[in-house]
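>>> fold the stuff below for me.
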Amino acid sequence: MGIFGLSRDKVMQLLDEHVITDHLRKHSLATEAVMRGLAARLNEDAETWGLVGLVHDLDFDETKDDMSKHTIVAAEILRSHNVPEEYVSAIISHCEHTPGWQPRTKPLEHALAASEAITGLVVATSLVMPDKKVASVKPKSVRKRMGETAFARNVDRNAILECEKLGVPIEEFCEIAVRAMQGIAEQLGL
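Numbers count the residues shown, from 1 in each chain. Okay, the predicted model is just below:
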């Protein structure tokens with residue numbers, strides 16, 4: 001079970017119970033992959049960071065019409081499964097719409113915000129490739145798209161740049177994210 005308190009199999013069961021849309025499942029898997037890649041780069045526990053990424057939007061399908069509840073429901077579910085508070089807090093911190101939200105200060109919080117945001121930019125970049133495959137995406141293409149605010153306009157570029165608060169330059173973070181998502185391309189349907 002590790003320090004997260006739940007095994008990956010149990011987390012997948014929770015996803016099966018709470019995540020309805022295919023798009024959200026893929027986003028969760030992509031975030032897990034990027035978090036694992038970032039954890040490896042920072043010498044953090046990749047299993048724990050990956051699981052935080054996997055469950056960060058556990059309640060999104062249920063709360064998407066009232067963003068003030070997003071992460072609150074997930075926090076309740078995770079606490080009921082004895083997930084340590086530091087991981088629950090990191091999940092809460094990724095959503096600035098949560099009542100009582102506080103600015104992110106911890107590495108795991110910055111990592112989650114950056115990782116979950118960059119997945120959207122990598123997916124959007126994949127979809128404009130001729131073959132629509134993440135395998136065709138180059139990290140420098142994702143970096144270039146960062147500056148194109150009309151491209152994937154819902155992607156929070158400021159959240160992505162939180163990678164730099166971890167000492168990871170944006171160019172390197174783009175490479176970590178692209179490689180991580182290429183590693184699970186089949187699961188992502190890209």
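
>>> contacts, neighbours, all on C-alpha from now
Will do.

>>> from H110, how far off is the spatially closest residue to W101 that is not a sequence neighbour?
Of all residues not flanking W101 in the chain, S93 sits nearest, at 6.5 Å (C-alpha to C-alpha, 6 or more residues apart in numbering). Remark: distance between S93 and H110 (C-alpha to C-alpha, to the nearest Å) = 9 Å.

>>> shared neighbours of these two, which are they?
R104 (C-alpha atoms under 8 Å, 6 or more residues apart in numbering).

>>> if we can go back for a sec, the residue nearest to W101: neighbour count?
Look at S93: counted by other C-alpha atoms under 10 Å, it has 25 neighbours.

>>> where exactly do the strands run in this structure?
For the chain, strands defined by DSSP state E do not occur.

>>> so which residue is dead centre in it?
Central residue of the chain (C-alpha atoms, centre = their mean): E116, 2.6 Å from the mean position.

>>> quick one: it and L54 touch, right?
No: assessed by C-alpha atoms under 8 Å, E116 is found out of contact with L54, at 9.6 Å.

>>> overlap in contacts of these two?
With C-alpha under 8 Å, 6+ apart, E116 and L54 have common neighbours T31.

>>> tell me the contacts of the nearest residue to K165 once chain neighbours are set aside?
Spatial nearest neighbour of K165, excluding adjacent residues (C-alpha to C-alpha, 6+ apart): H110 at 7.2 Å. Listed by C-alpha under 8 Å, 6+ apart, the contact set of H110 reads R104, A159, E162, C163, K165, L166.

>>> name the nearest residue to the second one, ignoring sequence neighbours.
If I follow you right, that is A159. Nearest one to A159, counting by C-alpha to C-alpha, 6+ apart, is A114 at 5.0 Å.

>>> and the closest residue to A39 other than its chain neighbours, what does it touch?
Nearest residue to A39 in three dimensions, chain neighbours excluded: A46, at 5.0 Å (C-alpha to C-alpha, 6+ apart). Contact analysis of A46 by C-alpha under 8 Å, 6+ apart lists M35, R36, G37, L38, A39, A40.

>>> and the pLDDT for E86?
On pLDDT, E86 comes in at 92.
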